[in-house]
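Participant: Mind folding the following:
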Amino acid sequence: QVQLVESGGGLVQPGGSLRPLCAAFVSAFGVYAMGWYRQAPGKQRELVAAITGAGSTNYADSVKGRFTITRVNAKSTVYLQMNSLKPEDTAVYYCNTAPPVIHRWDWGQGTQVTVSS
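Facilitator: Below is the predicted model of the structure:
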């Protein structure tokens, strides 16, 4: 069973930055496309950034140019650099596999990001 552990969220003012990370306790981490998802209160979980094992990235339009996803396969870790944060970025952020991988592992506890003045 794969375990995903997210951390690094917090409270930040609009325009600020955060860099949450996700540790995946799984073998052969590098073969999986990984993504960061978020879920705001009353909304569905959405994929905001994805990265293949080789490092190709893709972003939702709402975060393009502000967020950067990276990974270190040797550490089975994926990061999300979040800059120019907006109140609408407030959500619980999760990591998991991403398309073209079809199967999602059990979700972790996520990390709360709150953008507020």
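Participant: in this structure, which residue is closest to the centre?
Facilitator: Centre of the chain computed as the mean C-alpha position; nearest residue by C-alpha atoms, centre = their mean is W36, 2.4 Å away.
Participant: if I look at V92, how far off is V31?
Facilitator: 27 Å (C-beta to C-beta, to the nearest Å). Backbone N, C-alpha and C define where each C-beta goes, glycine included.
Participant: of those two, who's got more company?
Facilitator: Neighbour tally, V92 and V31, criterion other C-beta atoms under 10 Å: the higher count belongs to V92, 18 against 11.
Participant: Look at that one and tell me its secondary structure.
Facilitator: Of the three states, V92 takes strand according to DSSP: H, G, I helix; E, B strand; the rest coil.
Participant: Spit out the contact partners of the nearest residue to it once chain neighbours are set aside.
Facilitator: Leaving aside its sequence neighbours, V92 sits nearest to G110 (C-beta to C-beta, 6 or more residues apart in numbering; 4.0 Å). For G110, the contact set (C-beta atoms under 8 Å, 6 or more residues apart in numbering) comprises 6, 39, 92-94.
Participant: What's the end-to-end length of stretch 26-38?
Facilitator: Using C-alpha to C-alpha, to the nearest Å, the end-to-end distance of stretch 26-38 comes out at 22 Å.
Participant: Show me what counts as buried in that stretch.
Facilitator: By neighbour count on 16 or more other C-beta atoms under 10 Å, the buried set for stretch 26-38 is 29, 32-38.
Participant: go on, stretch 90-109?
Facilitator: Neighbour-count burial for stretch 90-109, with 16+ other C-beta under 10 Å as criterion, is recorded at 90-98, 101, 105, 108.
Participant: Stretch 60-79 too?
Facilitator: 63, 67-69, 71, 73, 76-79.
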